[in-house]
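A.B. asks: Can you look at this prediction? I've put the sequence above it.
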Amino acid sequence: MNEDTKPIAPGIGAEARALHEAFDATGVKFHDRAATLAALKEDGRDIVFDDGVPKIIYDGELLPMRDALLRYAYDHRTAVDSRTLPRSGAGTSRPGIDAKDNYKTLSEKVGFINQFGADAWERLPLTGVGTSEVLTREDFLKLPRQERMRRYAANPAVLAKLPSSSGRYMPGQAKVNAEGIERHLASRGKLAK
């Protein structure tokens, strides 16, 4: 029996019940709910209960658990049954996954055109959009314009709070191409392995 189809035991706590309800509210089938919660709580994130509603910081925002789980599902598609992801996306932060390459057979393509029209088919991108959590300024700048503006309106200092990159560069330090230096030293035989 899959974890998503198991009934919730009547004796579990209210917090655990709220977490299960948040998973159920996404409509997405997660392969392992416990592993998903553990991955979400990495990097020191804690689940906070506000009047019984679970919330967690994801993408630099305090989000209801349902929204964070939905964004996590789009960012880590190997953790979910990707066929259950909503094609419309998760708001402006995660655009829809519908693309022409999702329709493999001619009958699927014709079915889409019959349902939505030829203009909708022409507007579909060739390939789906890959997404990831916003951890750096570069990630923020890759967001769709509408989502960036929404975040600026909610918090004008949102970009200033993010680190410039996830590489070896730290704010206040000079940028060093460490990989290039290592390649150069290795090519000259001066790098100990």
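C.D. replies: Structure's in. What do you need? Numbers count the residues shown, from 1 in each chain.

A.B. asks: you'd agree residue 185 is in a helix?
C.D. replies: Yes. With DSSP: H, G, I helix; E, B strand; the rest coil as the criterion, residue 185 is located in a helix.

A.B. asks: what about it, distance to residue 177?
C.D. replies: When Cβ to Cβ, to the nearest Å is the yardstick, residue 185 and residue 177 sit 12 Å from each other. (Each C-beta comes from the backbone N, C-alpha and C, glycine too.)

A.B. asks: Likewise for residue 79?
C.D. replies: 34 Å.

A.B. asks: ok, these two, which is more surrounded?
C.D. replies: Neighbours of residue 79 and residue 177, each counted by other Cβ atoms under 10 Å, are more numerous for residue 79; the result is 17 against 12.

A.B. asks: isn't the more buried one right next to residue 33, touching?
C.D. replies: No. Counting by Cβ atoms under 8 Å, residue 33 is not a contact partner of residue 79; they are 9.8 Å apart.

A.B. asks: Identify the contacts common to these two.
C.D. replies: Overlap of the contact sets of residue 79 and residue 33 (by Cβ atoms under 8 Å, 6 or more residues apart in numbering) is empty.

A.B. asks: which outside residues touch the helix or strand residue 16 falls within?
C.D. replies: When elements are defined using DSSP states H and E, residue 16 is found to belong to helix 14-26. By Cβ under 8 Å, 6+ apart, the list of residues contacting helix 14-26 from outside reads 4, 8, 30, 33, 36-37, 47, 49, 52-54, 64-66, 69-70, 73.

A.B. asks: residue contacts, residue 103?
C.D. replies: When contacts are counted by Cβ under 8 Å, 6+ apart, residue 103 is found next to 109, 112.

A.B. asks: just the helices in this structure please.
C.D. replies: With DSSP state H as the definition, the chain shows helices at residue ranges 14-26, 33-40, 65-75, 106-116, 118-123, 137-141, 145-154, 158-161, 178-187.

A.B. asks: In the longest one, which residues are buried?
C.D. replies: Right, the one you point to is helix 14-26. Under the neighbour-count criterion of 16 or more other Cβ atoms under 10 Å, helix 14-26 has 19-20, 22-23, 26 buried.

A.B. asks: Would you mind putting the residues you listed into CSV with distance to residue 157 and pLDDT alongside?
C.D. replies: CSV is the format used below for the buried residues of helix 14-26 (distance: Cβ to Cβ, whole Å; pLDDT from 0 to 100):
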residue, distance to residue 157, pLDDT
19, 31, 87
20, 35, 86
22, 28, 87
23, 32, 87
26, 30, 83
